[in-house]
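Trainee: Predicted model follows, preceded by the sequence.
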Amino acid sequence: MALTKRFKILCLLAAMVAAYVVLSKPEQAAAPVAAASDRTERVAEQLPNGVAARATSRPARADGNSLMARLAHRVAESKAVEALFHTQSWYVAPPPPPPAPVVVVVPPPPTAPPLPFSVMGSYARPGDAKVYFFTRGDRVFDVHIGDTIDNTYSVDSEANGVLTLTYKPLNIQQTLAVEASK
């Protein structure tokens, strides 16, 4: 690889600048170094503990002018850094949604099952109480007013061709047509 003349000159200038920074006498920059060391102490107080410890843990030269002390004036203060990268947000969180209304569902009152009986007919002898014949499935019941069927239904009354039965577990009255309407 052939090195150009320009590249050689730039490398020589970079080496000279590095040698000047490292080997320059402290008397030439005594005032800026003192001001820089004061600023370094102020910045180190504002930095978090780990960063300040790393910045001050490097060994200083015998004359007290380390490379860090000479370059400390280049450190930006923390307030200036925050101002450089400050963010502004106009986002406003929406209010929380209102709580859902509590819906209390009242269970419907218990009802009696449909009457399991159908009327076959009725018979009345002169001078006796009327007998009603009910069927449920293949069973036939002969009942009078005031009787109880299977300890579940009681026959209460008859009016205008309609029997009133009471479902005993819930004490609910139900009606059953005895005669077809004329």
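Mentor: Now that the structure is in, tell me what you want to look at.

Trainee: Am I right that R6 is in a strand?
Mentor: No - judged by DSSP: H, G, I helix; E, B strand; the rest coil, R6 forms no part of a strand; its state is helix.

Trainee: Quick one: neighbours of it, just the number.
Mentor: 8 (other CB atoms under 10 Å). For glycine as for every other residue, the C-beta is placed from the backbone atoms N, C-alpha and C.

Trainee: now do V155
Mentor: Neighbours of V155 using other CB under 10 Å come to 20.

Trainee: got it, and V104?
Mentor: Count around V104 with other CB under 10 Å applied: 5.

Trainee: So for it, what's the pLDDT?
Mentor: Looking at V104, its pLDDT stands at 91.

Trainee: Likewise for E77?
Mentor: 66.

Trainee: and after the least confident helix or strand in the chain by mean pLDDT, which helix or strand comes next?
Mentor: Taking mean pLDDT, DSSP states H and E as the measure, the chain has helix 49-56 as its least confident helix or strand, at a mean of 50. As assigned by DSSP states H and E, the chain's next helix or strand after helix 49-56 is helix 67-70.

Trainee: So which elements touch that next one?
Mentor: helix 5-23, helix 30-46 (3 or more CB pairs under 8 Å, 6 or more residues apart in numbering; DSSP states H and E).
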